[in-house]
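> give the three-dimensional model of this entry:
(chains A and B)
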There are 2 protein chains.
Amino acid sequence: MSYKITIIGVGLIGGSLAKILKNSDFASEVIGFGRNDNNLQTAKNLNIIDSFTTDIKSAMDCDIVVIATPVGVFKDILKQIKPFVKNQIITDVGSTKQSVERDVKGIFDSDFNNFVPAHPIAGKEKSGCESADENLFKNKKLIITGGEKSHKKIIQEMWLLTGAVVSEMDSKTHDDIFGLTSHLPHLLAFGLVGQMAKQKGAEKFIGGGFKDFSRIASSDSTMWADIFENNKDEVLNHLENYQQELNNLAKLIKNNEKDKYKKYFAAAKKNRDTWI
Amino acid sequence: MSYKITIIGVGLIGGSLAKILKNSDFASEVIGFGRNDNNLQTAKNLNIIDSFTTDIKSAMDCDIVVIATPVGVFKDILKQIKPFVKNQIITDVGSTKQSVERDVKGIFDSDFNNFVPAHPIAGKEKSGCESADENLFKNKKLIITGGEKSHKKIIQEMWLLTGAVVSEMDSKTHDDIFGLTSHLPHLLAFGLVGQMAKQKGAEKFIGGGFKDFSRIASSDSTMWADIFENNKDEVLNHLENYQQELNNLAKLIKNNEKDKYKKYFAAAKKNRDTWI
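I've put the predicted structure just below:
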């Protein structure tokens, strides 16, 4: 089968996916949709998409819709496309999944089953379709958190083309895991930079450790504010546990229980070396 | 002038310094001292040192002594060398400086002024003299926190040979700054890995963000336990401030003050991009 595919939001993720699909037999046509004519023209010039439109009705004349905008405008996009939804399969690439499923339920009827929530665990510091990269998803995880069986199969097929490793879990598990492995570290990095900014001059003595630790604090603030808004409960829960972890470490250091914290550090080193 | 130099502890830092000194006119001879014959023989074979000894009396027959052991054994080393101290200049490479100065004061007489406390802000994940690297200190900061004027000048001269950028500050300022820019991030990374180890399976979903953030949790546990023991007050102070920073962020997220935390993230990104 070959599908007419519309990508809503041709940025780094949407652009990279478009580029792969355009060179595959899976797509008969790849259409870019967005508000920004210039960006879409750039994507066309870069040969990432076949054509583009800023008219949502024309954009919805397709078989598959991939919503690749920040999670924060997801609800708006759903409202825009709703009048034109027929049998298209609709999927997304959002970093939070309970919120996305909630938005879909809030806007569509209860029997609506066209939607397949998905999340590719990939990215880089650069954004925009100029950074589109055919290898972005290669060997990276792609999580699907729901959807009707036959639709899910098609979306899986699409992502397998990118070299991603597709797996499934429910959206609560997804948000819990990524709240810990991704969202929490971002918050911690933002917080440390925030604290350092208060101690003028300290930044002159930054070493390689701080540089790597804080890299993710150079991430896009809009995208991350959206994520914390949409995965609030899970993030706050992990943050509370983390504060407890820090309290325990502080207590050990305060009470000179050096053997205990040394053991804790050694276990952390061993775990990390095993994981990575 | 040319000096006979003894390096106590020929590991990554001591070995890298030895290697540079051995190829310079500053040193007439570079002697390695340690407890481990095998390690010293390796250093000799690698042409990092001219000769070695495990006898402290012979080792102290020199002009300059560089103590390059972990901070935790510093006191023991001082006790060992004390009987043989005459006019040698003694310096170190420890990551904490108030503790080192305290140890010196505790062991030597009040008029003892041979000691120049120093700290090169350099390192890598590999340890041992096999990893000795002539470029390790190039363009890195070297901090001196005290010492008698003419001695200090000689130690400065020594470090300038390595390509380090030498600067001076008092030991309290040093420990405060590095407590924030280096020690605190290490503690935070150890803590996050510790927390993740409790949620079995989450480690399968680690991305590039976590990988970089946690790199410093793969650091040597002995060295870091020493640092937290010896810079306890400053680290606990910064940790308390950090926890307050996290509490403030948690409150903003909880109360849906998205504009405020988005602004906070944007400021962090801007600061970090300026600093690095």
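> from now on I want contacts and neighbour counts done on CA atoms only, so please keep to that.
OK.
> A:Asn247 belongs to a strand?
No: A:Asn247: not assigned to a strand; according to DSSP: H, G, I helix; E, B strand; the rest coil it is helix.
> what is the burial count for it?
The number of residues packed around A:Asn247, counting by other CA atoms under 10 Å in any protein chain shown, is 16.
> now the strands for the stretch 151-276 of chain A?
A:165-168 (DSSP state E, counting those that start in this stretch).
> tell me where the model's unsure across it.
For the stretch 151-276 of chain A, no stretch is flagged by pLDDT under 70.
> start to end distance for stretch A:120-133?
The first and last residues of stretch A:120-133 sit 14 Å apart, counting by CA to CA, to the nearest Å.
> what about that stretch, average pLDDT?
The average pLDDT within stretch A:120-133 is 87.
> return the set of buried residues in that stretch.
The neighbour-count check on stretch A:120-133 (16 or more other CA atoms under 10 Å in any protein chain shown) flags A:120-123, A:128-133 as buried.
> quickly note the distance from A:Ala189 to A:Met158.
As judged by CA to CA, A:Ala189 and A:Met158 stand 34 Å apart.
> please say which of those two ends up with more neighbours.
Comparing A:Ala189 with A:Met158 by other CA under 10 Å, the one with more neighbours is A:Ala189, at 25 against 19.
> show me which residues of the stretch 51-200 of chain A sit near chain B.
A:121-122, A:141, A:177-178, A:180-182, A:185-186, A:188-197 (CA under 8 Å from any CA of the partner chain).
> test my guess that A:Gly147 contacts A:Phe112.
No: in this structure, A:Gly147 is not within contact of A:Phe112 by CA atoms under 8 Å, at 10.2 Å.
> and these two? which has more neighbours close in?
Between A:Gly147 and A:Phe112, A:Gly147 has the larger neighbour count (other CA under 10 Å), namely 19 against 11.
> can you confirm the more buried one is in a strand?
No: applying three-state DSSP, one finds A:Gly147 to be coil, outside a strand.
> okay, now the closest residue to it other than its chain neighbours: neighbour count?
Of all residues not flanking A:Gly147 in the chain, A:Val116 sits nearest, at 4.4 Å (CA to CA, 6 or more residues apart in numbering or on different chains). Using other CA under 10 Å, A:Val116 has 24 other residues around it.
> now A:Asp76
For A:Asp76, the count of nearby residues is 11 (other CA under 10 Å).
> mind checking pLDDT for it?
Predicted confidence (pLDDT) for A:Asp76: 96.
> mind saving the C-alpha coords of whatever helix or strand it lives in as PDB?
Assigned by DSSP states H and E, A:Asp76 falls within helix A:74-81. Extracted C-alpha coordinates of helix A:74-81, given in PDB (Å, rounded to 0.1, in the frame of the first residue of the first chain):
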ATOM      1  CA  PHE A  74      -2.000  20.000  20.100                       C
ATOM      2  CA  LYS A  75      -5.600  20.900  21.200                       C
ATOM      3  CA  ASP A  76      -5.800  23.800  18.700                       C
ATOM      4  CA  ILE A  77      -4.600  21.500  15.900                       C
ATOM      5  CA  LEU A  78      -7.200  18.900  16.800                       C
ATOM      6  CA  LYS A  79     -10.000  21.600  16.700                       C
ATOM      7  CA  GLN A  80      -8.800  22.700  13.300                       C
ATOM      8  CA  ILE A  81      -8.700  19.300  11.700                       C
END
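> so A:Glu234 touches A:Gly179, yeah?
Yes: at 5.8 Å, A:Glu234 counts as touching A:Gly179 under the criterion of CA under 8 Å.
> neighbour-wise, which of the two wins?
Between A:Glu234 and A:Gly179, A:Gly179 has the larger neighbour count (other CA under 10 Å), namely 26 against 21.
> please name the nearest non-neighbouring residue to the more buried one.
A:Val235 (5.1 Å).
> and the one you found, what does it touch?
Shown in contact with A:Val235 (CA atoms under 8 Å, 6 or more residues apart in numbering or on different chains): A:176, A:179-180, A:183-184, A:228.
> reformat those residues as JSON lines; add distance to B:Ser99.
Converted to JSON lines, the contacts of A:Val235 look like this (distance: CA to CA, whole Å):
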{"residue": "A:Asp176", "distance to B:Ser99": "42"}
{"residue": "A:Gly179", "distance to B:Ser99": "39"}
{"residue": "A:Leu180", "distance to B:Ser99": "36"}
{"residue": "A:His183", "distance to B:Ser99": "37"}
{"residue": "A:Leu184", "distance to B:Ser99": "34"}
{"residue": "A:Phe228", "distance to B:Ser99": "41"}
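> perfect, I'm done here.
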